[in-house]
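K.L.:
Please find the sequence and the predicted model below.
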Amino acid sequence: MTRADRSILVLHGPNLDLLGTREPEKYGDTTLPDIDAALGALADQLGVRVSCHQSNHEGQLVELIHGARGVHAGLVLNLAAYTHTSVAIRDALAAVALPFVEVHLTNVHAREEFRHRSMVAALALGIVQGFGVDSYLLGLRGMVRWLES
Ligand code: DQA
């Protein structure tokens with residue numbers, strides 16, 4: 001088993017760097033460093049490594065996805081607003097053909113209609129949404145369980 005087999009890339013999309021102060025009635029008061037710390041602690045328990053990155057730039061997210069090939073076994077992605085718009089990120093995920101879980105803090109289907117469409121959902125192993133930080137943790141558990149099965 002190689003190092004890449006136990007490494008998961010976590011990507012946070014635009015505006016998630018503002019968690020903690022951003023619309024707390026929707027997203028709660030947990031900050032992005034809190035989420036990354038919780039993912040790191042769970043990764044230790046599960047015997048995997050996580051590498052967490054946030055970007056507000058579509059092209060940078062595309063490049064991080066390209067760079068995952070041969071380095072990470074799978075991805076946990078909260079693409080935030082790009083979920084609903086980005087053909088470029090969808091194509092990058094199809095190109096690298098790595099397994100990924102789509103996560104959202106909120107239940108996007110209970111929100112505005114423009115959030116109901118995901119450009120990447122059809123390529124995902126699974127989707128976890130509506131559980132706040134736990135969406136990420138459940139997504140990581142699902143990804144690791146899938147890789148081990
Ligand atoms: C989000 C939902 C998206 O619709 C929104 O654009 C976000 C966050 C979530 O985690 O609930 O920025 O991905």
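P.N.:
On my side now, so go ahead.
K.L.:
Contact residues of this structure facing the ligand?
P.N.:
Neighbours of the ligand within the chain, by C-beta under 6 Å from any ligand atom: Asn15, Asn78, Ala80, Ala81, Thr83, His104, Leu105, Thr106, Val108, Arg115. In short, each C-beta sits where N, CA and C put it, glycine included.
K.L.:
same thing but 5 Å
P.N.:
Within reach of the ligand by C-beta under 5 Å from any ligand atom, the chain has these residues: Ala80, Ala81, His104, Leu105, Thr106, Val108, Arg115.
K.L.:
Tell me how many other residues surround the fourth one.
P.N.:
So the one you mean is Leu105. 23 (other C-beta atoms under 10 Å).
K.L.:
what about the strands in the protein?
P.N.:
Assigned strands in the chain, in chain order: 7-12, 49-54, 74-78, 100-104, 126-129 (criterion: DSSP state E).
K.L.:
pull the helix or strand with minimum mean pLDDT from this protein.
P.N.:
helix 24-27 (a mean of 94; mean pLDDT, DSSP states H and E).
K.L.:
With adjacent residues omitted, what lies nearest to the most centrally placed residue in the chain?
P.N.:
With distances taken as C-alpha atoms, centre = their mean, the residue of the chain nearest its centroid is Leu77 (1.6 Å). The shortest distance from Leu77 to any non-neighbouring residue, by C-beta to C-beta, 6 or more residues apart in numbering, is to Leu11 (5.1 Å).
K.L.:
which residues of the protein score low on pLDDT?
P.N.:
Low-confidence segments of the chain, defined by pLDDT under 70: 1-3.
K.L.:
tell me the contacts of the residue nearest to Leu138 when sequence neighbours are not counted?
P.N.:
The shortest distance from Leu138 to any non-neighbouring residue, by C-beta to C-beta, 6+ apart, is to Val128 (4.7 Å). With contacts defined as C-beta atoms under 8 Å, 6 or more residues apart in numbering, Val128 is in contact with Val101, Glu102, Val103, His104, Ser135, Tyr136, Leu138, Gly139, Gly142.
K.L.:
7 Å instead?
P.N.:
By C-beta atoms under 7 Å, 6 or more residues apart in numbering, Val128 lies in contact with Val101, Val103, Ser135, Leu138, Gly139, Gly142.
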